[in-house]
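1. model the structure of this input:
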Amino acid sequence: MSKYIKISPNIQQITIDNPRTANEKLVWIDICEAGKKELEYLRKNYNFNLTHLQASTAKSVAQRPMIAQNENYLFMILHFPVFQLTPAAKRSLFENTKRKIKIQDQHAKYCITAGEIDFFIGNGYLITLHNNNIKTLSEFFNLCKKDSDSLLAYKFESSAILLYELLEKLMLSCFPLLDQNSVEIAKTEEIIFEQEQKRAVSYILSLRHNIINFRKIMQSHKNIIKQLMGIKSGLVPEQKIKPYYNELLERSKRVWEILENQKEMIEVLNGTNESLLNYRISDIMKTLTIFSVIVFPLTLFAAIFGMNIEGGMPFISNENGFWIIVSIMLTCCLCMLVFFKKKKWL
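-> Predicted coordinates for the structure are as follows:
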């Protein structure tokens, strides 16, 4: 059984109470876009460390994840990947539908950015602070509000278990983004071997940007979970629920392994695309060089016979002199083409 209260426009609270257990009620407070009023509410009701509260404001963005143990609670900052439209795609949605289709075709429609969640974990409560771009957290909160009986947290009435279930949902939300990367990698491979190197460059740059961001977000999760499991406190998982956190740790490793594979794949595709681009450039330069070599003697002939010199210049007084000179030039061109063909330069 759960009880939902909306304390303020930005603060929501769910109280989970299982009458079959002797534990106290479990409270989850979710705060979106925390400002001065929200932090003042936490300070008065929970007496959290001022440094931790300041780090939890919506205006403050942490550059790295962290976990800190206080006397009565744990404070933790984690980042999770968030799927967002790029600025170009947002402009296209604002302008017109036709431009939207064009931008989607150019692979400029989405990017992966970091969404920050701050956690306060104590005996009988879990407090989360975040911006409004983390849909997975909001969806899980609504699930707790409507059907808390289906949760492990209802069975144990433990803030550590509720934290585990939330982290599991957030970790699972990474896999659709990984799948999206895999689909785009497959598309990029097709484009490369269709000899559309210019188009492939934009795909590769977008994918590398997303994979780098994803790796920066996820690289510390494994260590944070290990630290959480290693803290000697009643606020973190006990022996009976450590298997759940071990499962979370394995899932984090799995995400990182997929990211490593995707990074290697996109680097290989980038190398392949650069090789094809270099080959095309070399082919173009070879063609231009052949043209310049063929045109050079023709230009020389034209310059020689264009000199204003009377007497001694062959074919000048001949009535067919022009055609003789043209024939010599064409013969030179033909001889050079035969020579290039024999050398297999054509």
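
2. can you pull the phi/psi pair for Phe120?
-> phi -120, psi 120 (degrees, to the nearest 10).

3. repeat that for Asn10.
-> Backbone geometry at Asn10, expressed as degrees, to the nearest 10, gives phi -110, psi 0.

4. ok, it - contacts?
-> 31-35, 37-38 (C-beta atoms under 8 Å, 6 or more residues apart in numbering). Placement of C-beta: from N, CA and C, glycine included.

5. same deal with Val61?
-> Contacts of Val61 (C-beta under 8 Å, 6+ apart): Glu116.

6. before we move on, back to that, buried subset of the contacts of Asn10?
-> Neighbour counting by 16 or more other C-beta atoms under 10 Å classes 31-32, 34, 38 among the contacts of Asn10 as buried.

7. just those residues now: which is nearest Lys343?
-> When those are compared for distance to Lys343 (C-beta to C-beta), Cys32 wins out at 71.9 Å.

8. now the closest one: how far from Glu190?
-> Shown here: Cys32 relative to Glu190, a distance of 41 Å by C-beta to C-beta, to the nearest Å.

9. tell me which element the most centrally placed residue in the chain is part of?
-> For the chain, Asn210 is the residue whose C-alpha lies nearest the centre (C-alpha atoms, centre = their mean; 1.8 Å). Per DSSP states H and E, Asn210 falls inside helix 197-218.

10. how about Ser138?
-> Short version, using DSSP H and E: Ser138 is in helix 135-147.

11. Ile112 belongs to a strand?
-> Yes. Counting by DSSP: H, G, I helix; E, B strand; the rest coil, Ile112 is part of a strand.

12. I'd say it and Val82 touch.
-> Yes. The pair Ile112 / Val82 is scored as a contact, 7.0 Å apart, by C-beta atoms under 8 Å.

13. low pLDDT regions in the stretch 1-150 of the chain?
-> 1, 22-23, 85-109 (pLDDT under 70).

14. just the ones of the buried ones among the contacts of Asn10 in helices?
-> Among the buried ones among the contacts of Asn10, the members falling in helices (DSSP state H) are Glu38.

15. and the buried ones among the contacts of Asn10, which two are furthest apart?
-> Taking C-beta to C-beta, no two of the buried ones among the contacts of Asn10 sit farther apart than Cys32 and Glu38, at 8.8 Å.

16. nearest residue to Glu247 other than its sequence neighbours?
-> The shortest distance from Glu247 to any residue other than its chain neighbours is 7.8 Å, reached at Glu168 (C-beta to C-beta, 6 or more residues apart in numbering).
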